[in-house]
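1. Following is a predicted model, sequence given first.
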Amino acid sequence: MSTPPAILDLAFERVVSDLTQPVIDDVISSNVEFVCRNPQNRAGVRLLLACCLAKSHKPNLDIRKPYTEIGDLDCYSGRTYDEAYITSFINKHELPCNPTTAFLTPALRNRNIFLTPEVNLVGKPPILYKTVLSLLDDVYSGRVLAEDVLAETIRYLLIVKNEKRQRIASLLADLRTLEGGTPLSTEAIVKLIEQHLNCRNSSRLPVLIVAAAYQAASAYLGQSHLALASHNAADEQTGALGDVEIILLNEENVITSYEMKMKKVTVDDINRAIQKIRNSRQNIDNYIFITTDLIDQSVQEYALGIYEQTGGIEVVVLDCISFIRHYLHLFHRLRMVFLEAYQQLVLNESDSAVSQPLKEAFLALRQAAESSKEELEE
């Protein structure tokens with residue numbers, strides 16, 4: 001019996017040399033493509049991969065029963081296959097999937113039922129889950145082999161990955177044609193960042209803004225940021241004090257911690273931060289909230305009183321755009337270094353943290369800003 005990693009490698013080898021050749025017939029293939037390309041929810045494709053891998057590994061299993069709680073001899077743990085094998089496979093090949101298991105999403109966790117086409121998983125969009133359940137039924141009914149669906153899913157994921165990379169490469173090439181001349185002004189960069197923040201699903205961006213600021217000026221400040229935790233990692237899991245932690249160069253002790261909010265900062269937020277500081281082994285100097293929303297005067301005043309309560313730890317709430325505007329004027333000659341650092345951080349983030357449309361939006365916005373500058377110079 002082949003091991004799950006070997007089965008995945010074989011499926012990959014079946015398709016990687018010629019992505020234009022479908023593995024299965026048009027109708028089922030089109031359903032696989034729909035699941036692989038769905039932009040709203042990437043859990044469906046991991047569910048499909050995990051279930052097809054389990055069935056390919058142990059043909060006696062009922063592919064519709066990915067829950068051991070069902071108790072039948074032909075059931076299995078879809079989550080185990082997902083976490084133990086699918087995660088490493090998609091990371092190895094940089095496939096456009098969620099970084100975490102599908103079986104902890106609201107539609108799939110705490111279940112112990114057959115995944116038949118009649119089941120309503122209450123996931124969004126409903127048609128995505130209906131399509132996945134239909135594909136599982138196709139395998140169960142013998143209309144297609146699990147190994148073939150597995151290979152076809154990998155084929156489409158590779159196609160999607162290549163398409164995304166080509167779009168990014170094209171946008172970057174367009175930017176390079178605009179190189180030279182006068183760099184963007186500080187206010188033009190601030191406007192560009194503000195436009196990007198106003199795009200949909202931009203909650204990760206303030207983290208990258210602060211990280212890019214320290215990355216650009218670390219040699220001047222004598223400080224740098226620690227590696228950023230993943231977008232969906234809670235502070236309790238990582239042991240981090242906040243979203244961005246700042247240390248002195250050549251030292252490990254965190255001196256400043258940033259926490260980002262896409263909503264108003266409240267007194268409760270500050271109290272939770274103080275509790276985290278007290279529970280931490282780090283002796284930080286200040287804890288900074290960066291928000292994209294309005295700042296209540298009462299919250300600012302409450303933060304001012306924390307210094308005396310904690311014996312010297314300063315807590316402050318700052319507006320995101322005001323923060324980056326002041327930074328860029330203070331380090332005016334580093335403004336393009338910051339912009340390049342921010343762009344690279346945005347492009348390097350997983351799609352689950354910064355979506356492909358959000359990455360493309362930044363490059364398009366930057367191109368528009370650069371083109372406008374060129375027109376003014378002519």
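-> That came through fine.
2. which strand is the longest one in the chain?
-> Criterion DSSP state E: the longest strand present in the chain is strand 254-261.
3. Partner strands of that strand, with direction?
-> Applying DSSP bridges to the sheet, strand 254-261 is found paired with strand 244-248 (antiparallel), strand 286-291 (parallel).
4. got the contact list for it?
-> With C-beta atoms under 8 Å, 6 or more residues apart in numbering as the test, strand 254-261 has contacts from 203, 206-207, 210, 223, 226, 240-248, 269, 273, 277, 282, 284-293, 320. The C-beta positions use only the backbone N, C-alpha and C, and glycine is treated the same way.
5. Which ChimeraX command selects the buried ones in those residues?
-> The following ChimeraX line selects those of the contacts of strand 254-261 that are buried, judged by 16 or more other C-beta atoms under 10 Å:
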select :206,207,210,223,240,241,242,243,244,245,246,247,269,273,277,282,284,286,287,288,289,290,291,292,320
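6. if I pick residue 365, what's in contact with it?
-> So residue 365 contacts 192, 195, 196 (C-beta under 8 Å, 6+ apart).
7. State the helix or strand in which the first one lies.
-> So the one you mean is residue 192. If you go by DSSP states H and E, residue 192 is part of helix 186-197.
8. Show me what counts as buried in that helix.
-> Buried residues in helix 186-197, defined by neighbour count with 16+ other C-beta under 10 Å: 186, 188, 189, 190, 191, 192, 193, 195, 196, 197.
9. Between helix 186-197 and the following helix or strand past it, find me the angle.
-> Reading on from helix 186-197 to the C-terminus, the next helix or strand found by DSSP H and E is helix 205-221. On the basis of axes from the mean of the first three to the mean of the last three C-alpha atoms, to 10 degrees, helix 205-221 is oriented at 150 degrees to helix 186-197.
10. contacts for helix 205-221?
-> 193, 196-197, 223-225, 228, 243-244, 246, 249, 258, 260-262, 290, 292, 320, 323-324, 327, 331, 334, 337-338, 341-342, 345-346, 349, 354, 358.
11. any low-confidence regions in the stretch 151-300 of the chain?
-> Within the stretch 151-300 of the chain, the segments meeting pLDDT under 70 span 178-181, 230-240.
12. hmm, 90 instead?
-> 174-183, 219-255, 276-285 (pLDDT under 90).
13. Roughly how far does residue 110 sit from residue 128?
-> Separation of residue 110 from residue 128 (C-beta to C-beta, to the nearest Å): 20 Å.
14. Please disregard the earlier target; I meant residue 316.
-> Distance from residue 316 to residue 128, by C-beta to C-beta: 43 Å.
15. who's more crowded, those two?
-> residue 128 (22 against 15; other C-beta atoms under 10 Å).
16. residues contacting the more buried one?
-> Residue 128 makes contacts with 34, 35, 38, 40, 41, 44, as judged by C-beta under 8 Å, 6+ apart.
17. can the residues you listed go into CSV with extra columns for pLDDT?
-> What follows is the contacts of residue 128, written out as CSV (pLDDT from 0 to 100):
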residue, pLDDT
34, 97
35, 97
38, 92
40, 84
41, 88
44, 95
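18. Tell me the buried residues in the helix or strand harbouring residue 274?
-> For residue 274, the host element (DSSP H and E) is helix 267-279. Within helix 267-279, the residues that count as buried by 16+ other C-beta under 10 Å are 269, 270, 273, 274, 276, 277.
19. got it, and stretch 314-324?
-> Residues of stretch 314-324 classed as buried: 315, 317, 318, 319, 320, 321, 323, 324 (neighbour count, 16+ other C-beta under 10 Å).
20. now, which of those residues sits nearest residue 8?
-> For the buried residues of stretch 314-324, the residue nearest residue 8 by C-beta to C-beta is residue 320; the value is 41.7 Å.
21. what comes into contact with stretch 90-102?
-> For stretch 90-102, the surrounding residues in contact (C-beta under 8 Å, 6+ apart) are 12, 42-47, 49-50, 78-79, 82-83, 86-87, 89, 108, 154, 157-158, 160-161, 164, 230, 232, 350-352, 356.
22. Would you mind measuring the gap between the ends of it?
-> 13 Å (C-alpha to C-alpha, to the nearest Å).
23. And that stretch, what's buried?
-> Within stretch 90-102, the residues that count as buried by 16+ other C-beta under 10 Å are 90, 93, 95, 96, 97, 98, 99, 100, 101, 102.
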